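>>> This is a predicted model, with the sequence first.
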Amino acid sequence: IEQGGWSVFCTNWGGLDHLNPAGHHMLRGQGRQGFIGWPESARLEQLREDWFEAPDLESQQRIAGELRFRRGVSRFPVLDEPVRRTPPSLAAVVYAPPSLASIRVGRLSTAPDVPAHLLIDSLLGKHFAVLGSTGSGKSWTVAAILQALLRACPAAHIVLLDPHGEYAPAFGEQAEALDLANLELPYWLMNFEETAAILASARDGRGYAEQAILKEALLAARQAWAAGQGGAPLTVDTPLPYRLSDLLKFIDEAMGALNKPERATPYRQLLARIESVRNDRRYAFLFQSLYLRDNMDSVLGRLLRFPVGQRPVTVIDLSGVPCEIVDVVVSLFCRMLFEFGLWSERGRAVPLLLVCEEAHRYVPATGEGSFEPSRRAIDRIAKEGRKYGIALGLVTQRPAELDPKMELSDEARAWIKRSAALDKFADKDGIVNDVAIRFNDNTFVLVKNAAQYFTDGYTDQFGGPNKRKFTPKRLQELLSPIHTLP
């Protein structure tokens, strides 16, 4: 020590010492009054004092939960180590009701007397995902979480994309249920990509020609409406009303100006497609409004529940939407939600929650067969939505097909990655989120004047020769020859 070396000593505690905070040496933050190099934490010491002064067992359990339980794994098991069932008393400590705002979503299956809670800020501030195989109860779980949120926040603003039409009954009078019978979604709210996906969806040379024609005619139609309203700078994506009759007229005029009749084929096909969609009853929620008006405020108000009016949840039933345009509708909804938050006045933005069922259909791991605008809209909410008060919940039975780059919380992203790698197995490996740690190949950096503590549980995790445990005795033998080194 005097020559700048290291001091090594071994110590141990009995299991009874760690039964509660009264005798748990590791749950102390007394600094110099503890072991050499022991950390100092006034909060840890205060929680211990609060535990002693707690008036009842429930208060002690809550405080003990804050003292003892931390996210993550402090000791990773090795292969062939026995598995023991968590006793109810310990489960009550680990899952003690938090002091922060939380919702109760049920009870633990392994300890039916212990309630399960979710922290509201963590749940919505980091986004979340509900994952499980078909028939495992995902829809029930989502409904239970949202119902608990509504009990805690009755004036919430929740939008749920429901591809199977199964969620509305779960919320009763609290839900504004929208389907093809009562949904009004003006076509002019779509941007060019979304419009082209419906009216010029071919992916060959003909489709590109139709999209070029549609782009010019769409801009002209929007400009014609803007001219009648006083005029304003706009682009082809500006959400400004336009008449379908104007769109048809500009396409027809452009076709009449052609010098070669044989080049009119994409114009005729585009005109026929617009007329077909316009007369298709399945597209009535988009293209058959009785009269044209700029009603974006009423559309957003109904979608996002402004005012709430005792119905804080909007359940959008997509089961009746034609399959070829479901992605377009999802893209439109998600884009409107994000842009609403983006352009809201700072400090006055209204928190929103978007829950996307069958998320793997809209943000798949590969871009093959996906509609890029819907993928981009949801991805943007995942990456930037929290800045504007927009939370995202993804629900899927195929997490391996979900884009792993989605900006979810670390916990949700780890589960997605693990579900995609269930066949991965390694000797003496541990997993912390998405980081694999090999316990038989660790390197420690010893810093001068610092103290390093090894518990018996930690040393057990190191593999020795012939798969033997790396015992505390062997660790002491390893460190003793080098403790005098500077």
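Everything's here; your move. Numbers count the residues shown, from 1 in each chain.
>>> where are the low-confidence patches of the stretch 151-300 of the chain?
Across the stretch 151-300 of the chain, the ranges flagged by pLDDT under 70 are 202-205, 230-232, 289-291.
>>> Strands of that one, start to end?
158-162, 175-178 (DSSP state E, counting those that start in this stretch).
>>> Quick one: residues in contact with the last one.
When you say that, I think you mean strand 175-178. Strand 175-178 is contacted from outside by Y167, A168, R302, L303, R305, R311, V313, T314, V315, I316, D317, using Cβ atoms under 8 Å, 6 or more residues apart in numbering. Yep, even glycine has a C-beta here, placed from its N, CA and C like the rest.
>>> now do the longest one
The contact list for strand 158-162 (Cβ under 8 Å, 6+ apart) reads 142, 146, 149-150, 167-168, 303-304, 312-319, 330, 333, 337, 352-357.
>>> got the strands of the stretch 151-300 of the chain as TSV, with mean neighbour count columns?
Formatted as TSV, those follow (neighbours: other Cβ atoms under 10 Å):
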stretch	mean neighbour count
strand 158-162	24
strand 175-178	22
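>>> of all these, which lies closest to L392?
Relative to L392, the nearest member of the strands of the stretch 151-300 of the chain by Cβ to Cβ is strand 158-162, separated by 10.5 Å.
>>> what about the closest one, distance to the chain center?
How far strand 158-162 lies from its chain's middle: 14 Å, per Cα atoms, centre = their mean, to the nearest Å.
>>> mind listing what that strand pairs with, with the direction of each?
Sheet partners assigned to strand 158-162 using DSSP bridges are listed as strand 313-317 (parallel), strand 352-357 (parallel).
>>> Could you check the ones you listed and tell me which one is nearest T110?
strand 352-357 (27.2 Å).
>>> Tabulate the strands of the stretch 151-300 of the chain (a markdown table), appending distance to G132.
Converted to a markdown table, the strands of the stretch 151-300 of the chain look like this (distance: least, Cβ to Cβ, whole Å):
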| stretch | distance to G132 |
| --- | --- |
| strand 158-162 | 17 |
| strand 175-178 | 23 |
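>>> do you know how far L247 is from V94?
Separation of L247 from V94 (Cβ to Cβ, to the nearest Å) stands at 61 Å.
>>> okay, these two: which has more neighbours?
For L247 and V94, the more surrounded residue by other Cβ atoms under 10 Å is L247, and the numbers stand at 24 against 15.
>>> shouldn't the more buried one be in contact with E216?
No: counting by Cβ atoms under 8 Å, E216 is not a contact partner of L247; they are 10.6 Å apart.
>>> Of all the helix elements in this structure, which one is longest?
Of all segments of type helix in the chain, defined using DSSP state H, the longest is helix 205-228.
>>> Now V308: closest residue in space, sequence neighbours ignored.
A155 (5.1 Å; Cβ to Cβ, 6 or more residues apart in numbering).
>>> so how many other residues sit close to that neighbour?
Taking other Cβ under 10 Å as the criterion, the count of residues near A155 is 11.
>>> mind checking how far it is from Q174?
A155 sits 11 Å away from Q174, taking Cβ to Cβ as the criterion.
>>> My guess is A254 contacts I213. True?
Yes: A254 lies in contact with I213 (Cβ under 8 Å); the separation is 6.5 Å.
>>> Now the common contact residues for A155 and Q174.
Residues touching both A155 and Q174 by Cβ under 8 Å, 6+ apart: P312.
>>> Who are the contact partners of P88?
P88 makes contacts with A111, D113, V114, as judged by Cβ under 8 Å, 6+ apart.
>>> let's go with 10 Å and repeat that
Residues in contact with P88 (Cβ atoms under 10 Å, 6 or more residues apart in numbering) are L108, T110, A111, P112, D113, V114.
>>> same thing with P233?
Contact criterion Cβ under 10 Å, 6+ apart gives A226 as the residues in contact with P233.
>>> Could you number the chain from 346 rather than 1 from now on?
Let's use 346 as the start, then, which means that last one is P578.
>>> Distance of it relative to L559?
Counting by Cβ to Cβ, the separation of P578 from L559 is 21 Å.
>>> cool, P696 as well?
37 Å.
>>> if you count what's nearby, which of the two comes out ahead?
When neighbours are counted by other Cβ under 10 Å, P696 and L559 differ, and L559 comes out ahead with 23 against 15.
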